[in-house]
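Pasted the sequence and its predicted model underneath.
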Amino acid sequence: MARKKTKREGGGAAVPAPPAGSPVAVIELGTSAIRLAIAEWTGKGEPVTLESLQRGVALGKDTFTKGYIEQETTEACVRVLRDFRRVLDEYRIGDDGGLIAVATSAVREAANRDAVLDRIYIGTGIDVQAIDEAEVNRYTFLAVRAAFNAMPALRRGDTLAFEVGAGSTELLLFHDGQMGTSHTHRLGALRLRERLAEDGLSHARQAEVMRTQIERSIALLRNQMEMEKITHLLALGGDARFAASLLLPEWEPRKGGTLDVGALSKLAEETLRMTTDRTVSRFHLSYPEAETLGPALLICEQLARALKAPCLHVGNTTLRDGLLAELVSGGRWAEDFKREIVNSARELGRKFRFEQDHAEYVADVATRLFRALQAEHQLSPRYELLLNVAALLHDVGLFISNRSHHKHSMYVIGNSEIFGIGRRDLMLVSLVARYHRRAMPRPTHTTYAMLDRRDRITVQKLAAILRVADALGRGGLTRSRRPEIRVEPEQLELRLSHAGDLTMEEQALREKAQMFERVYGMKVVLRRS
């Protein structure tokens, strides 16, 4: 039995937010543990956590040493999730919008990922989605916003928020509370330890090699991110919170805290000298937590020293907080988050020297058409954002060649990174841009054929709108000459006031409106007011 397609995974239809007062839940299959968080949302503010559960399962150890997840480890996941399912049943939480289950790098990078997720679905009925790095960044962004609410000082100046995970480290750079850049680096505590354990090094020698590898990784990060003017460091994650609980006498998780880097360094050295068994006994941790503690604290300390920060702030938010925030919003992306995505798309456009005035005009018209045609396409608001990004970038392929530039645009977009947009959504954006001209989607087009039926229809709906918007931008119209849009039963009427000569727009519409008419069953008419 294959996993079902969830509403949140595809299809485009809007997903309603859970009713206020009803419990919601998120499940995270992490690198070293499976975690469940159950919360209640009152209808405003942040969700209030009702219960948190965690069970250790060494998914990362399999993936990072063998490249795949063993059957025994998969069955351990099934047993844990069956237990979690019973807890969910007690709270009457089902799969109808009240639950999100995700897997991070340990599952995402496993060669047998799909087989593992299918087995979990067959054994538990829980549909776990392997989220990519861009989606992790999105959830981390939502979690950081909550941390900023607890520590408002972090909104001033440049703040680098980071979480050292078992498989990778997530970094987000904020300027006065606004998102700047993000990066995911495969510098993970368990990944680091497992690689060195294979070499049979002593604990002392492992610590030396770890330090060297971390220094090299941080040097690379400094080249990839603007980290010269960092004002604050914000550490997220369980290892940093554990350090805060040990080193801060008045640690209050809800408010966060500030760690002295010198004290953190001593704790990191102490834990690195211990065996895992000794760490379990000394700090009363689970075995997976003990394995990652020393390397994670060393990464935090080295990052702080590289940036010459005397202290670092510790937040109490997690990836699961970001998941809960998106769950209670019904999957709708916050306005500030959407702005960051659009800004990232513009940066990509500038990299390929796009004609920004034309791109902005087409994006503006496409967005207005999307809203006017809501009753016809019935797509959720996030597809408006994907259309906006496709409109901004539809001509970036011109940087490569005038010939077949729509295909080059698809390649550029599909092989780039845009903050907050996962690989699946990026594929949709690239296809919408590809079909802004020339041939309409065909089953013989390889990338298009890879989509399921719902996503193929979504691409058609968005590309048809983009073609009309691009046709109106053919004559160099500006935002001051926006069309008036009227949707009638069998006709889309576009009126331009004081438009002058519309020959180019009319000719472009004759070429491009055919797809719109086929998809929506409506004629496109251009008139002067």
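Cool, the structure landed.

Tell me where the longest helix sits in this structure.
Counting residues, the longest helix in the chain under DSSP state H turns out to be helix 203-224.

in that one, what's buried?
The neighbour-count check on helix 203-224 (16 or more other CB atoms under 10 Å) flags 206-207, 210-211, 213-214, 217-218, 221 as buried. No exception for glycine: its C-beta is placed from N, CA and C like everyone else's.

Show me what secondary structure element comes after that helix.
Sequence-wise, the next helix or strand downstream of helix 203-224 (DSSP states H and E) is strand 230-236.

For the stretch 101-250 of the chain, give me the ranges with low pLDDT.
Residues of the stretch 101-250 of the chain meeting the criterion pLDDT under 70: 195-203.

ok, which stretches of it are helices?
105-108, 113-124, 133-150, 189-197, 203-224, 238-247 (DSSP state H, counting those that start in this stretch).

Out of those helices, which is closest to Arg82?
Checking those against Arg82 by CB to CB gives helix 113-124 as the closest, at 5.5 Å.

In the stretch 251-400 of the chain, where is pLDDT below threshold?
Counting by pLDDT under 70, the stretch 251-400 of the chain contains low-confidence ranges at 330-332.

shouldn't Ile485 be in contact with Arg368?
Yes: counting by CB atoms under 8 Å, Ile485 touches Arg368, with 6.1 Å between them.

Show me the strands in the stretch 401-529 of the chain, by range?
Secondary structure of the stretch 401-529 of the chain (DSSP state E, counting those that start in this stretch): strands located at 484-488, 491-496, 523-528.

any idea which of these is most buried?
Of the strands of the stretch 401-529 of the chain, the one with the most neighbours on average (mean count of other CB atoms under 10 Å) is strand 491-496, at a mean of 17.

now that one and strand 523-528, what's the angle there?
Using axes from the mean of the first three to the mean of the last three CA atoms, to 10 degrees, the direction of strand 491-496 lies 20 degrees away from that of strand 523-528.

and the closest residue to Ser286 other than its chain neighbours, bridged to which residues?
Closest residue to Ser286 apart from its sequence neighbours, by CB to CB, 6 or more residues apart in numbering: Gly56 at 4.8 Å. For Gly56, the beta-bridge partners are Ala33 (DSSP bridges).

what does His232 give?
Residues in beta-bridge contact with His232 (DSSP bridges): Thr159.

Tell me who's in contact with it.
Contact analysis of His232 by CB atoms under 8 Å, 6 or more residues apart in numbering lists 153-154, 157-160, 313.

Emit the PyMOL select command for whichever of the residues you listed are buried.
In PyMOL syntax, the buried subset of those is picked out as below (16+ other CB under 10 Å):
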select buried, resi 154+158+159+160+313
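
Now that we're looking at Thr478, what pLDDT does it have?
Reported pLDDT at Thr478 in the predicted model: 60.

Measure how buried Thr73 is and give me the count.
Residues near Thr73, counting by other CB atoms under 10 Å, number 19.

Now it. Nearest residue, chain neighbours left out?
Closest residue to Thr73 apart from its sequence neighbours, by CB to CB, 6+ apart: Asp62 at 5.2 Å.

would that neighbour count as being in a helix?
Yes: checked against DSSP: H, G, I helix; E, B strand; the rest coil, Asp62 lies within a helix.

what residues are up against it?
By CB under 8 Å, 6+ apart, the contact set of Asp62 is 68-70, 73, 106, 110.

Likewise for Thr181?
Counting by CB under 8 Å, 6+ apart, the residues that Thr181 touches are 172-173, 225-226, 419.

Any chance of the residues you listed in a markdown table with distance to Glu335 and neighbour count as columns?
Below are the contacts of Thr181 laid out as a markdown table (distance: CB to CB, whole Å; neighbours: other CB atoms under 10 Å):
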| residue | distance to Glu335 | neighbour count |
| --- | --- | --- |
| Leu172 | 18 | 25 |
| Leu173 | 20 | 19 |
| Met225 | 25 | 18 |
| Glu226 | 24 | 13 |
| Phe419 | 15 | 23 |
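
That'll do, ta.
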